[in-house]
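[1] next one to model:
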Amino acid sequence: MLLGSSGVGKSTLVNRFAGAELQATTETRADDDEGRHTTTRRELILLPGGGVVIDTPGLRELQLWDGAAGFDETFADVDELAGDCRFSDCTHASEPGCAVLAAVESGALPPDRLASWRKLQRELLSVAMRHDHLLRKEESRKWRLRSREARSRTRLR
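    Numbering: from 1, shown residues only. Modelled structure (predicted):
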């Protein structure tokens, strides 16, 4: 089964696999080179080599269901570095003595690897907050406090 955003080429791939133009496709838009929503229903396609593929309409968004299970294994390199951070609750953002940031600065850890780690952390928090009312309240309280602190610092200047 092919899943992905609208206009990324799922039907084009099906046509290539089949060796024929079975699925309707359109050109990308000239102004921004983005794809267009063309497929409107799921369709099972029998491939000449004996395989089967399902072409699906585009998805607006893909989200994690429960990515926490494999997070530590996926980012074992970051997790290992984090063990050497000065603070056990280090967020690897700007804390002094952060081993992860030091590894990025030295080139031992690619910056895009840390960016991926941060992005997945945000997504996991978002999924958890959808299912946990107390966590939602705590995050909301944390951001209200940060906002107040920022306004106070601005007034003092």
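[2] let me know the pLDDT of D84.
    Per-residue pLDDT puts D84 at 95.
[3] shouldn't it be in contact with A99?
    Yes. Under the criterion of CB atoms under 8 Å, D84 lies in contact with A99, with a separation of 3.7 Å. Placement of C-beta: from N, CA and C, glycine included.
[4] more crowded one of the two?
    For D84 versus A99, neighbours defined as other CB atoms under 10 Å are more numerous around A99 (19 against 13).
[5] so who does the more buried one touch?
    The contact partners of A99, taken as CB atoms under 8 Å, 6 or more residues apart in numbering, are L81, A82, G83, D84, C85, R86.
[6] what helix or strand does L135 sit in?
    When secondary structure is defined using DSSP states H and E, the element that contains L135 is helix 133-156.
[7] for that helix, packing partners?
    Packed against helix 133-156 by the contact rule (3 or more CB pairs under 8 Å, 6 or more residues apart in numbering; DSSP states H and E) you find helix 111-131.
[8] got the domain ranges for the chain?
    Structural domains annotated on the chain: 10-55, 68-156, as defined by automatic domain parsing.
[9] worst mean pLDDT across the helices and strands of this protein, which element?
    Of all helical and strand segments in the chain, the minimum by mean pLDDT, DSSP states H and E falls on helix 68-74, at a mean of 74.
[10] show me what counts as buried in that helix.
    F71 (16 or more other CB atoms under 10 Å).
[11] who are the packing partners of it?
    Applying 3+ CB pairs under 8 Å, 6+ apart, we find helix 68-74 packed against helix 111-131.
[12] angle of the helix it packs on against helix 133-156?
    For the pair helix 111-131 and helix 133-156, the angle between their directions (axes from the mean of the first three to the mean of the last three CA atoms, to 10 degrees) equals 120 degrees.
[13] C-alpha coordinates for stretch 105-116, PDB please?
    Backbone C-alpha positions of stretch 105-116 (Å, rounded to 0.1, in the frame of the first residue of the first chain) are rendered in PDB as follows:
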ATOM      1  CA  GLU A 105      29.800  21.600  18.100                       C
ATOM      2  CA  SER A 106      32.700  19.100  17.700                       C
ATOM      3  CA  GLY A 107      31.100  17.400  14.700                       C
ATOM      4  CA  ALA A 108      30.700  14.100  16.500                       C
ATOM      5  CA  LEU A 109      26.900  14.400  16.200                       C
ATOM      6  CA  PRO A 110      25.300  15.800  13.000                       C
ATOM      7  CA  PRO A 111      23.100  18.900  13.700                       C
ATOM      8  CA  ASP A 112      20.300  17.400  11.700                       C
ATOM      9  CA  ARG A 113      20.300  14.300  14.000                       C
ATOM     10  CA  LEU A 114      19.700  16.500  17.000                       C
ATOM     11  CA  ALA A 115      17.000  18.400  15.000                       C
ATOM     12  CA  SER A 116      15.300  15.100  14.300                       C
END
